[in-house]
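[1] Mind folding the following:
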Amino acid sequence: MPGSLVWGLFSAGSLAAVVRYVIIGAGAIGGGLGARLHQAGRSAVLVARGEHLAVLRDRGLRMRTPEEDLTLPVPVVAGPGELALQADDVLVLATKTQQAPAALVEWADVPVVGGGTAGDRLPMITATNGVAAEDMALRYFGRVYGACVWMWAAHLTPGEVVLEGVPRTGVFHIGRVPAAPVEEVAERVRDDWTAARMRIVLPADVLPWKYRKLLSNVGNAFQALLGRPEGMGRLVRAAEAEGRAVLDAAGIAYTSDEDEAAARADSFEVRPVPGLEEVLGGSTWQSLSRGTGNVETDYLNGEFVRIARRHGREAPINATMAALVRLAAARGDRPGDMTLERLSQVLSRWVSP
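    Numbering: from 1, shown residues only. Below you'll find the predicted structure:
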């Protein structure tokens with residue numbers, strides 16, 4: 001049956017049933033979203049691996065927030081072989097961007113009860129940093145929804161997520177890629193995720209929001225290398241200015257600073273979590289802290305490098321940062337192993353003192 005007809009059947013009738021969210025990647029974002037959905041009485045299944053999977057199966061998911069310390073029995077599977085996909089399921093890709101291609105291939109051709117495959121029948125929400133996962137997903141899925149994620153969350157210990165935002169846990173701007181009028185599935189996601197303490201916005205076009213978030217994410221590389229030292233703001237601002245110049249030269253639209261600030265202003269505030277003395281960092285900082293051996297910097301700073309080169313330009317600050325973080329991950333470096341003085345020397349060709 002053609003994918004468009006299958007989707008017509010899905011969107012027209014089945015959303016009246018309970019939607020189950022299959023969250024591929026149970027780290028900070030995926031685990032936090034799954035925990036909040038489960039807590040709100042919505043149906044969610046986490047897809048995890050390794051020791052994290054083992055702890056989730058044995059003990060459940062510990063969710064630590066400024067106001068709560070709970071262990072929740074969120075259902076968890078290792079992969080599609082342990083799950084019968086239903087026509088009402090919504091897939092949520094919450095891996096790091098460099099892990100997205102393998103995950104998409106793994107799930108695209110999985111049969112759905114009643115006929116067809118996940119790629120033909122089920123919507124895929126890409127809750128990832130950067131702007132690359134949407135095009136990756138379109139190779140395999142007929143309906144792709146990009147999500148711009150603002151969520152102060154961490155996953156450093158197997159079986160545990162830390163959520164620092166209150167009263168809402170995070171903000172998601174979600175929209176069809178390519179841009180299209182809001183569909184019923186997006187409205188259902190908005191209702192369910194709002195109940196799960198998220199603020200959900202359905203913009204006419206989600207990509208300008210994702211490109212603006214990409215500009216914010218250039219700082220992840222600096223934080224991962226340096227930790228959180230005083231004085232790195234000058235270097236981060238130079239990398240962001242370079243990124244803006246690249247987007248402007250390429251004619252790529254991104255949300256204004258004013259609109260971005262307004263979207264976050266009344267959504268949540270970040271508060272400390274009791275019992276955590278360490279100041280937690282962003283996603284790249286967490287990858288180096290856990291010693292994963294790989295990072296998503298090539299899809300953050302490296303995205304500006306790709307766009308620049310496609311338009312006959314260079315982005316040397318972001319290219320250098322992407323290379324430095326790749327090497328740090330391969331060596332097993334920890335945040336703070338590089339000094340601010342050393343990094344300033346490396347970048348001195350492009351950043352004034």
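
[2] Could you find the closest non-adjacent residue to the residue nearest the centre of the chain?
    Most central in the chain under C-alpha atoms, centre = their mean is Thr128, positioned 2.7 Å from the mean C-alpha point. Of all residues not flanking Thr128 in the chain, Thr97 sits nearest, at 5.0 Å (C-beta to C-beta, 6 or more residues apart in numbering). Just so you know, the C-beta spots here come from the backbone N, C-alpha and C atoms, and that holds for glycine as well.

[3] Now do the one you found against Ala249, distance only.
    Distance, Thr97 to Ala249, using C-beta to C-beta, to the nearest Å: 23 Å.

[4] These two: which is more packed in?
    Higher neighbour count among Thr97 and Ala249: Thr97, with 24 against 13, using other C-beta atoms under 10 Å.

[5] Return the residues in contact with the more buried one.
    Thr128, Asn129, Gly130, Ala132, Ala133, Glu296, Tyr299 (C-beta atoms under 8 Å, 6 or more residues apart in numbering).

[6] and these as JSON lines, adding secondary structure, distance to Leu327 and pLDDT?
    Below are the contacts of Thr97 laid out as JSON lines (DSSP: H, G, I helix; E, B strand; the rest coil; distance: C-beta to C-beta, whole Å; pLDDT from 0 to 100):
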{"residue": "Thr128", "secondary structure": "coil", "distance to Leu327": "23", "pLDDT": "98"}
{"residue": "Asn129", "secondary structure": "coil", "distance to Leu327": "20", "pLDDT": "97"}
{"residue": "Gly130", "secondary structure": "coil", "distance to Leu327": "20", "pLDDT": "98"}
{"residue": "Ala132", "secondary structure": "coil", "distance to Leu327": "21", "pLDDT": "98"}
{"residue": "Ala133", "secondary structure": "helix", "distance to Leu327": "24", "pLDDT": "98"}
{"residue": "Glu296", "secondary structure": "coil", "distance to Leu327": "15", "pLDDT": "96"}
{"residue": "Tyr299", "secondary structure": "helix", "distance to Leu327": "17", "pLDDT": "98"}
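
[7] Closest one of those residues to Arg310?
    Ala132 (13.2 Å; C-beta to C-beta).

[8] Is Val246 in contact with Pro316, as I believe?
    No. With contacts counted by C-beta atoms under 8 Å, Val246 stays clear of Pro316, the gap being 11.2 Å.

[9] More neighbours: these two, which one.
    Comparing Val246 with Pro316 by other C-beta under 10 Å, the one with more neighbours is Val246, at 24 against 15.

[10] C-terminal to the one helix or strand the more buried one maps to, what's the next element?
    Using DSSP states H and E, the element containing Val246 is helix 233-250. Heading C-terminal from helix 233-250, the first helix or strand you meet, by DSSP H and E, is helix 257-265.

[11] ok, then the element right after that next one?
    strand 268-270.

[12] Now do the contacts for the residue nearest to the centre of the chain.
    With C-beta under 8 Å, 6+ apart, Thr128 has these contacts: Leu93, Ala94, Thr95, Lys96, Thr97, Ala100, Ala147, Val149.

[13] Identify, from these, the entry nearest to Arg310.
    Thr97 (18.1 Å).

[14] Against Gly25, how distant is the closest one?
    Distance from Thr97 to Gly25, by C-beta to C-beta: 11 Å.

[15] Thr339 now?
    33 Å.

[16] Same drill for these two, tell me which one is more crowded.
    Remark: of Thr339 and Gly25, Gly25 carries more neighbours, 25 against 13, as counted by other C-beta under 10 Å.

[17] Quick check, that one in contact with Gln98.
    No. Using C-beta under 8 Å, Gly25 makes no contact with Gln98, being 11.8 Å away.

[18] Where does pLDDT dip in the stretch 201-350 of the chain?
    278-279 (pLDDT under 70).

[19] where exactly do the helices run in it?
    207-216, 219-226, 233-250, 257-265, 283-290, 301-310, 316-331, 340-346 (DSSP state H, counting those that start in this stretch).

[20] can I get the ones you listed in TSV with distance to Gly114?
    Shown next, in TSV, are the helices of the stretch 201-350 of the chain (distance: least, C-beta to C-beta, whole Å):
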stretch	distance to Gly114
helix 207-216	32
helix 219-226	42
helix 233-250	43
helix 257-265	38
helix 283-290	37
helix 301-310	38
helix 316-331	43
helix 340-346	55
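
[21] so which of the ones you listed gets nearest Val273?
    Nearest of these to Val273, taken as C-beta to C-beta: helix 283-290 at 14.6 Å.

[22] ok now the closest one, how far from the chain's centre?
    With C-alpha atoms, centre = their mean, to the nearest Å as the basis, helix 283-290 stands 14 Å off its chain's centre.

[23] Any buried residues in that helix, and which?
    Ser283, Thr284, Trp285, Gln286, Ser287, Leu288, Ser289 (16 or more other C-beta atoms under 10 Å).

[24] now do stretch 189-199
    The neighbour-count check on stretch 189-199 (16+ other C-beta under 10 Å) flags Val189, Arg190, Asp192, Trp193, Ala196, Arg197, Met198, Arg199 as buried.

[25] try stretch 50-61
    Result for stretch 50-61 [16+ other C-beta under 10 Å]: buried residues His52, Leu53, Val55, Leu56, Gly60, Leu61.
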